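> Sequence and predicted structure below; questions after.
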Amino acid sequence: MRRLTLTAVAVVVAAIFSYAQAGVVNTAKTAQSKNTTQPNQEQPGPFGFPGHKTLCEKLMATPEQDAAILRIYNDYKKKEQKLQQAAAQAAQKKNNDNAAASTMPDAATLKGNMITEIRAVMATDEQKKKFQEVIDDLGAKKKKKT
């Protein structure tokens, strides 16, 4: 009888211990997933540019410039998505005649156009200099990856 009681207690203790460990693991996973999906994390800009907020802070943009840059970013994000969709469709069809590319400018052209539009928004030489630094940093990061 004593042996049966000790076995039952051991099983209950083992079950409680296992349950407690599972709860700790699940809690840790939940906390980890909350940390990886931060709602305040800024989305990157089009064509590898920093996010809108980050760029405007670097440039010390006025509210009018901020609004103009946001509009430009939104326009070029849409254009970038269309370009990616066209490329995906062309790859899916394995169509080498570049029919989709002929109706849509390439990424380098779109990026150049976006840079030109943002430069037109810059009012001071300091802003233009800082914007050029941002562009140079993008080029340096691209060279490091290759």
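Great, that's in hand.

> how close does the nearest residue to Ala61 once chain neighbours are set aside get to Ala86?
Excluding the flanking residues, the one nearest Ala61 by Cβ to Cβ, 6 or more residues apart in numbering is Ile69, at 6.4 Å. C-beta here means a position set from N, CA and C on the backbone, and glycine is covered the same way. Separation of Ile69 from Ala86 (Cβ to Cβ, to the nearest Å): 26 Å.

> for Pro63, same thing?
Distance, Pro63 to Ala86, using Cβ to Cβ: 35 Å.

> Which of these two has more residues huddled nearby?
Neighbours per residue (other Cβ atoms under 10 Å) separate Pro63 from Ala86, with Ala86 holding more: 16 against 8.

> so what's that one scoring on pLDDT?
Ala86 carries a pLDDT value of 86.

> returning to what we had before: list the contacts for the residue nearest to Ala61?
Residues counted as contacts of Ile69 (Cβ atoms under 8 Å, 6 or more residues apart in numbering) are His52, Leu55, Cys56, Ala61, Ile118, Val121.
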